[in-house]
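Q: this is a predicted model, with the sequence first.
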Amino acid sequence: MSKNINILLVEDNEGDIVLAREALGDIKIINDVVVARDGEEALNYLYNSSHNLTKDTLPDLVFLDINMPKVNGFEVLIKMKEDELLKVIPVIMLTTSSSERDIKYSYENHANCFITKPVGMEQFIEVIQKIENFWVSIAKLPSK
């Protein structure tokens, strides 16, 4: 039985966007991936979805990079977790950072997971697939 999953990928690196889409496309689960190329675009999408559209347009899962132009990933995370409707959406910090400070700050602000992006293409695709498998097949997501 397939489950439709909406994923918001917040990423400014085109190469990582292509790899993530490829990895998500390889999974046998039906999903819709929306890409926001900076934090401002992500917030605009989330607030438009949560306040003007139906709950069905909200993502089930957010992959969030930290270092982005305009609005960084921490600012997006904090805004999401302060919002009654958005705070239940799981947020996976997916970033090049492995800084203990960034890890701690992410969890202090209620990120659900912190993953440092692998450098190699094959490893990156494998990590994305494992994340999605866990969050879709094993973990229970809140219903909309």
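A: Everything's here; your move. Bear in mind the structure is a predicted one, so any value in this text is a computation, not a measurement.

Q: what sits up against the host helix or strand of E75?
A: For E75, the element it lies in under DSSP states H and E is helix 73-82. Helix 73-82 is contacted from outside by 10, 39, 42-43, 46, 62, 64-67, 86-87, 89, 91, 93, 95, 105-106, 109-111, using CB atoms under 8 Å, 6 or more residues apart in numbering. Backbone N, C-alpha and C define where each C-beta goes, glycine included.

Q: repeat that for stretch 10-21.
A: 9, 33, 35-39, 41-42, 62-65, 67-69, 73, 76, 94, 117, 121, 124-125, 128.

Q: can you list the buried residues in that stretch?
A: Residues of stretch 10-21 classed as buried by neighbour count (16 or more other CB atoms under 10 Å): V10, E11, D12, D16, L19, A20.

Q: please report how far V18 lies from F114.
A: 23 Å (CB to CB, to the nearest Å).

Q: do V91 as well
A: For V91, the distance to F114 (CB to CB) stands at 10 Å.

Q: quick one, which of those two is more surrounded?
A: Higher neighbour count among V91 and F114: V91, with 26 against 19, using other CB atoms under 10 Å.

Q: and the residue found closest to that one once you drop the neighbours it is linked to in the chain, what are its bridge partners?
A: Excluding the flanking residues, the one nearest V91 by CB to CB, 6 or more residues apart in numbering is V62, at 4.7 Å. With DSSP bridges applied, V62 shows beta-bridge pairing to L8, V91.

Q: I125 touches E22, doesn't it?
A: Yes. Using CB atoms under 8 Å, I125 is in contact with E22, at 6.3 Å.

Q: quick one: the strands in this structure, in order.
A: 5-10, 31-36, 61-64, 91-95, 113-116 (DSSP state E).

Q: just to revisit the earlier point, tell me which of I125 and E22 has more neighbours.
A: I125 (17 against 14).

Q: just want the most central residue of the protein.
A: F63 (1.6 Å; CA atoms, centre = their mean).

Q: just checking, that one touches A23?
A: No. If you go by CB under 8 Å, F63 and A23 don't touch, sitting 10.6 Å apart.
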